[in-house]
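S.K.: Okay, sequence plus prediction incoming.
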There are 2 protein chains.
Amino acid sequence: MRVVRTVAELRAATKELLAGAAGSAGSSGPTGSAGSIGIVPTMGALHEGHLSLVRAARADNAVVVVSIFVNPTQFNEPADLDAYPRNEERDTRLAADAGADIVFAPSAAEMYPEGFATTVSVTGSITETLEGASRGASHFDGVATIVAKLLLAALADNAYFGAKDAQQVVVVKRMVADLGIPARVVVCPTSRDADGLARSSRNVRLSAADRSRALAIPRALTEVAAAVGAGEFDPQRLRALATEILAAEQIEAEYLAFVDPESLVPVTSTHQPTLFALAARVGEVRLIDNIELRDGAESA
Amino acid sequence: MRVVRTVAELRAATKELLAGAAGSAGSSGPTGSAGSIGIVPTMGALHEGHLSLVRAARADNAVVVVSIFVNPTQFNEPADLDAYPRNEERDTRLAADAGADIVFAPSAAEMYPEGFATTVSVTGSITETLEGASRGASHFDGVATIVAKLLLAALADNAYFGAKDAQQVVVVKRMVADLGIPARVVVCPTSRDADGLARSSRNVRLSAADRSRALAIPRALTEVAAAVGAGEFDPQRLRALATEILAAEQIEAEYLAFVDPESLVPVTSTHQPTLFALAARVGEVRLIDNIELRDGAESA
């Protein structure tokens, strides 16, 4: 397990490990495609959700890179950036235990050196709505730019993202396809605690009482999915149901969106495949979650 | 020599040719680095300038790709896009004769399929000035986006550009470095006709009389360089000299810029390395040209 700080070190390390993997082909090496590189881009503060991505990458690739970079350009609130938890030593140990070969933990100056002037933007419906509307258009510019850089830095064949950040997944897929970055975007199911709360690095900032109140969020998702299963296809009535469930815990959503899973344009009926996505503050902590509603059946 | 229309075909063709090149290593193959891919991005209408880039790529790489794509997103005037000369059969023959292995000639729908939503933007001084100011900010967004796509489509190790498009070179270098696209940007000297006119696909649209008048442009460059060599370092007086030379042929420049070759910020003295760049219409045809002034000596 190596920790590298620069793109040059990262490429040298992946090259060396790939050469080693090729040398031991047929032996007890990983089961992944010969010579493939997988990356799990993270902002650190690793939890079981990230680790499930690392394990998925381990199963598919000869070399697994976990990047840890708290990307300043995707934060719209300086306070949120400052409050973002950082513990590289712990993260590195967890990544190694889950099967990572390399942790790429660059400085901001490595990723955005003086004179840096390039932005990758995904425009239109998929970035203007939901998180884009709440956090400002520059949020997804920040995401698209850093993901492009990380995939290219690792020369990744496969890149792993969690379904919890549904809009991020849509934006990243669009960007990778549009630019023709030679990597496959792999989406893994949202990882949840036993009580249903989606795992997030922000959860540690919830008070015990707020942690309990926050369970209204996964409850709203599953009850909406159950209502669709029982024949309710009207987004307005489904939204009212979710609003009521959240209100019982004094939670007011920033948005409760019923949208097409690819275009993120609002649907008029959940007869069609629908992403139900929401954002809400619980105490000081902003949480997001989502569920896909397909043919009246749920799928996390 | 193959002509391919899609990114998938391009990658399959380069892979096959690389495998062939590796199989015949040590034999009479090209002198390029083992396994490297070179790309010469063009908008077709190939002339000796492009062919000098193809020959440079041939000397350096195992596989040489010439892309021919009249990129609609970098034209600010629809009439200019419509008037841009197209002759794929001739271009393909010329590219093959100069040593290309593959011509990549995609459709607009292949490069910008329905739903395409991603833009690569280089912001700040290097795109706001000169051509960016004359042609609008979206011009270099179009250039940066298509060049990123072409380099990634070819999985290019080396990409060849002519010094005539000086600002394009600065923008492309910045974009490639900022995103970490794993390709080297190679800049080749401006190719000129015997009388000094920089080769351009637009030159065929000059009338005989305008073709002759247009020689005031390279004359302005060389006389300015000579004046610097003789001890004139003041951009204002050098600009007046160039203006006078152009005016003798009734040519009024759109801009006559003395700028830092990296940042494109105006210089106050040509004691420092300076790019002297100009744009001017001669008849209906907009021409650009430039010269680098270094330590009082010229370099094309």
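M.R.: Right, received. Where do you want to start?
S.K.: in the stretch 1-150 of chain A, which ranges drop under the pLDDT threshold?
M.R.: A:24-34 (pLDDT under 70).
S.K.: how about the strands in the stretch 101-250 of chain A?
M.R.: A:102-104, A:118-122, A:158-162, A:184-188 (DSSP state E, counting those that start in this stretch).
S.K.: Pull out the CA atoms of the last one and give them to me as CSV.
M.R.: What follows is strand A:184-188, C-alpha atoms only, in CSV (Å, rounded to 0.1, in the frame of the first residue of the first chain):
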residue,chain,number,x,y,z
ARG,A,184,-16.2,3.0,-17.5
VAL,A,185,-18.3,4.6,-14.8
VAL,A,186,-19.5,1.9,-12.3
VAL,A,187,-22.4,2.8,-10.0
CYS,A,188,-22.7,0.9,-6.8
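S.K.: For chain A, what lies in contact range of chain B?
M.R.: A:7, A:11, A:115-124, A:126-127, A:144-145, A:148-149, A:152-153, A:155, A:174-175, A:178-182, A:263 (CB under 8 Å from any CB of the partner chain). Quick note: C-beta positions are derived from backbone N, CA and C, even for glycine.
S.K.: Mind checking which of these are buried?
M.R.: A:7, A:11, A:116-124, A:126-127, A:144-145, A:148-149, A:152-153, A:155, A:174-175, A:178-182, A:263 (16 or more other CB atoms under 10 Å in any protein chain shown).
S.K.: and the closest residue to A:Arg213 other than its chain neighbours, what does it touch?
M.R.: Closest residue in space to A:Arg213, ignoring its immediate chain neighbours: A:Glu249 at 4.2 Å, by CB to CB, 6 or more residues apart in numbering or on different chains. Going by CB atoms under 8 Å, 6 or more residues apart in numbering or on different chains, A:Glu249 touches A:Arg213, A:Ala214, A:Leu215, A:Ala216.
S.K.: Buried among those? Need that as a selection in ChimeraX.
M.R.: Of the contacts of A:Glu249, the buried ones can be selected in ChimeraX as follows, counting by 16+ other CB under 10 Å:
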select /A:213,214,216
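S.K.: Sort out which one of the contacts of A:Glu249 lies nearest A:Ser207 for me.
M.R.: The shortest approach to A:Ser207 among the contacts of A:Glu249 belongs to A:Arg213, at 9.2 Å (CB to CB).
S.K.: so that closest one touches A:Arg281, yeah?
M.R.: No: contact criterion CB atoms under 8 Å: A:Arg213 and A:Arg281 do not qualify, at 10.9 Å.
S.K.: got any residues that touch both of the two?
M.R.: The contact sets of A:Arg213 and A:Arg281 overlap at A:Ile251 (CB under 8 Å, 6+ apart).
S.K.: Among the residues of chain A next to chain B, which lie within helices?
M.R.: Assigned to helices by DSSP state H, the following of these qualify: A:7, A:11, A:126-127, A:144-145, A:148-149, A:152-153, A:174-175, A:178-179.
S.K.: Tell me where chain A has helices.
M.R.: Here chain A has its helices, by DSSP H, at A:7-23, A:48-60, A:78-83, A:88-97, A:108-111, A:125-128, A:130-135, A:138-154, A:166-179, A:208-213, A:216-229, A:235-247.
S.K.: Just the buried residues of the fifth one, please?
M.R.: Counting neighbours by 16+ other CB under 10 Å, one finds that the buried residues in helix A:108-111 are A:Glu110, A:Met111.
S.K.: who are the neighbours in contact with A:Ser125?
M.R.: A:Ser263, A:Leu264, A:Val265.
S.K.: actually A:Arg294, not the one I typed
M.R.: By CB under 8 Å, 6+ apart, A:Arg294 lies in contact with A:Pro273, A:Thr274.
S.K.: Count the neighbours of the residue lying closest to A:Leu81 once chain neighbours are set aside for me.
M.R.: Nearest non-adjacent residue to A:Leu81, counting by CB to CB, 6+ apart: A:Phe75, 4.0 Å away. A:Phe75: 19 surrounding residues under other CB atoms under 10 Å in any protein chain shown.
S.K.: same check, this time on the one 4 residues further on
M.R.: Neighbours of A:Ala79 under the rule other CB under 10 Å: 9.
S.K.: picking that back up, could I get the contacts of A:Ser125 as a markdown table with pLDDT?
M.R.: As requested, those are arranged in a markdown table below (pLDDT from 0 to 100):
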| residue | pLDDT |
| --- | --- |
| A:Ser263 | 94 |
| A:Leu264 | 96 |
| A:Val265 | 96 |
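S.K.: Closest one of those residues to A:Lys15?
M.R.: The nearest member of those to A:Lys15, counting by CB to CB, is A:Leu264 at 38.2 Å.
S.K.: That closest one contacts A:Leu130, doesn't it?
M.R.: Yes: between A:Leu264 and A:Leu130 a contact is recorded at 6.6 Å, counting by CB under 8 Å.
S.K.: Need the residues touching each of these two.
M.R.: In contact with both A:Leu264 and A:Leu130: A:Gln167, A:Ala257, using CB under 8 Å, 6+ apart.
S.K.: picking up where we left off before, what's the closest of the strands of the stretch 101-250 of chain A to A:Ser207?
M.R.: The nearest among those, by CB to CB, is strand A:158-162 at 24.6 Å.
S.K.: Quick check: the gap between A:Pro106 and A:Ala153.
M.R.: Plainly put, A:Pro106 is 8 Å away from A:Ala153 if you go by CB to CB, to the nearest Å.
S.K.: Check A:Glu254 too.
M.R.: To A:Ala153, A:Glu254 is 33 Å away according to CB to CB.
S.K.: Then A:Arg281?
M.R.: Distance from A:Arg281 to A:Ala153, counting by CB to CB: 34 Å.
S.K.: same thing with A:Thr243?
M.R.: 43 Å.
S.K.: Show me what the residue in the stretch 1-150 of chain A positioned nearest to chain B is bridged to.
M.R.: Scanning the stretch 1-150 of chain A for proximity to chain B using CB to the nearest CB identifies A:Thr118 as nearest, at 3.6 Å. Counting by DSSP bridges, A:Thr118 is bridged to B:Val122.
S.K.: Skipping its backbone neighbours, what lies nearest A:Ser263 in space?
M.R.: The shortest distance from A:Ser263 to any non-neighbouring residue, by CB to CB, 6+ apart, is to A:Ser125 (5.6 Å).
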